[in-house]
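A.B. asks: What would the 3D arrangement of this be:
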Amino acid sequence: MAEWWFMEPDAFHAFIRELGERFILYAPTRRGGTLTFTFVENHEDVELSKRPFTSPKAAFLPQTEVLLKFSLRGERVHLSPAQRPESPIAVVGIRPCEAGALKLLDPVFSSPPEDIHYTLRRKNALLVGFACTSPERWCFCTSLGSSPFDEDGLDVLLVEVSGGYCALAVTERGRKALEVVRDMLRKADEALLGEIEERRRQAERAMKTLDVERFIARLEDMGDDPIWEEIAARCIGCGICTYLCPTCYCFDIQDEAGLTSGRRVRVWDSCMYPEYTLEASGHNPRPKRVHRVKNRIYHKFRWYVDLFGLVGCVGCGRCAEHCPVNVDIKEIISEVVRR
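C.D. replies: Numbers count the residues shown, from 1 in each chain. Here you go, the predicted structure:
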């Protein structure tokens, strides 16, 4: 049976400090007043009070990444591949849904040809999860087979309890990580175990249940339904849904060149932009916003399922939470199921 360990705030900070000495630390911190996942230099900046604005996706798939550099030497072009990421990272405060999102990105970047930059980061990463004891009203992970306390994909799961945190080592890597502060931990007693279970039940009860299975089935014959025009009429095509989504992975490759040198860069892109599918001939297979809106939904709930047998959404609700015109994926699912 898995053992829960209680850590007081001092033990928690010691744990984060030790991780910062052994790993490149990536955790929620405040930048300009906004809580975001970023690389951390001072362990005291780590804040787990609420869910960050961004997901930890960028720790594994940076928003901008140099893939290679090139230079002209005489009449020859010299190529210098980017240095492969070797230093291990520790992602602290990753939510269960976000850990699930990484499992959705894995088959994309590990399938031949393997993206060594992504897979090395994943291989060397320690994931210290933080259970959602107070889910946002946008969340619906339970409708996708997960839960606010899901351990799957994590090395350590932390739960906030009275007086501190309880920690569960999910993997051997997680057990070794907790071992560095073992003297500051004590085994969780029955009262703490009861509190964990009650917090779990409350969190799951707070979730809205959606019939995602029915939604996926209905999409098969709804390609021409007026609902997509209705959604597109509200959507402004800003792309914030794709940039904040922990499972979106669209990117562009750009060559930036000077007279004698340059570099090849991978940057995040968005399928919500008309340029994303614009071909060199001038033809665009998705010329209208309605095509792009429908494509995004179908990719996550139909085509990703066909490719990998997985739904390409984890129910975090960030797309709805931060949409400036209140396009809500939960409402879309419910409306399609009703039709």
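A.B. asks: Sketch out the low-pLDDT regions of the protein for me.
C.D. replies: Low-confidence segments of the chain (pLDDT under 70): 1.
A.B. asks: Helices of that one, residue ranges please.
C.D. replies: 9-22, 96-110, 116-123, 172-179, 190-205, 212-219, 227-234, 240-244, 289-298, 304-308, 318-321, 329-338 (DSSP state H).
A.B. asks: pretty sure Phe70 contacts Gly258?
C.D. replies: No. Using Cβ atoms under 8 Å, Phe70 and Gly258 do not qualify as a contacting pair, with a distance of 10.4 Å. All C-beta spots, glycine's among them, are computed from the backbone N, C-alpha and C.
A.B. asks: residue contacts, Arg30?
C.D. replies: 36, 45, 47 (Cβ atoms under 8 Å, 6 or more residues apart in numbering).
A.B. asks: Restricted to strands, list these.
C.D. replies: Members of the contacts of Arg30 lying in strands (criterion: DSSP state E): Thr36.
A.B. asks: just the contacts of Arg30 now: which is nearest Cys313?
C.D. replies: Nearest to Cys313 among the contacts of Arg30 is Thr36, at 21.4 Å by Cβ to Cβ.
A.B. asks: dump the residue contacts of the closest one.
C.D. replies: 28-30, 52-54.
A.B. asks: Ok, which of the helices of the chain comes nearest Val267?
C.D. replies: Nearest of these (Cβ to Cβ): helix 240-244, 11.2 Å.
A.B. asks: Which neighbouring elements make contact with that closest one?
C.D. replies: helix 318-321 (3 or more Cβ pairs under 8 Å, 6 or more residues apart in numbering; DSSP states H and E).
A.B. asks: Just the CA coordinates for the helix it packs on, please, in CSV.
C.D. replies: Only the C-alpha atoms of helix 318-321 are listed here, as CSV (Å, rounded to 0.1, in the frame of the first residue of the first chain):
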residue,chain,number,x,y,z
ARG,A,318,-7.8,27.0,-19.8
CYS,A,319,-9.1,27.6,-23.3
ALA,A,320,-12.5,28.6,-21.9
GLU,A,321,-11.1,30.4,-18.8
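A.B. asks: What's the separation between the residue sitting nearest the centre point of the chain and Glu279?
C.D. replies: Central residue of the chain (Cα atoms, centre = their mean): Pro246, 2.9 Å from the mean position. The gap separating Pro246 from Glu279 is 29 Å, by Cβ to Cβ, to the nearest Å.
A.B. asks: and what of Ile196?
C.D. replies: From Ile196 to Glu279 the distance is 54 Å (Cβ to Cβ).
A.B. asks: Those two - which one has more neighbours?
C.D. replies: Ile196 (21 against 8; other Cβ atoms under 10 Å).
A.B. asks: got the contact list for the more buried one?
C.D. replies: Neighbours of Ile196 in contact, by Cβ under 8 Å, 6+ apart: 4, 159, 161, 166, 188.
A.B. asks: which residues touch the fourth one?
C.D. replies: Contacts for Cys166 (Cβ under 8 Å, 6+ apart) come out as 4-7, 158-159, 188, 192, 196.
A.B. asks: 6 Å instead?
C.D. replies: Neighbouring residues of Cys166 by Cβ atoms under 6 Å, 6 or more residues apart in numbering: 4, 6, 159, 188, 192, 196.
A.B. asks: repeat for the first one
C.D. replies: Residues in contact with Trp4, defined by Cβ under 6 Å, 6+ apart, are 166, 168, 188.
A.B. asks: again, only this time at 10 Å
C.D. replies: For Trp4, the contacting residues are 157, 159, 161, 166-169, 185, 187-189, 192-193, 196, by Cβ atoms under 10 Å, 6 or more residues apart in numbering.
A.B. asks: For it, list each beta-bridge partner.
C.D. replies: Leu168 (DSSP bridges).
A.B. asks: Would you confirm that Asp152 contacts Ala101?
C.D. replies: No. Contact status for Asp152 versus Ala101: not in contact, 11.8 Å apart, counting by Cβ atoms under 10 Å.
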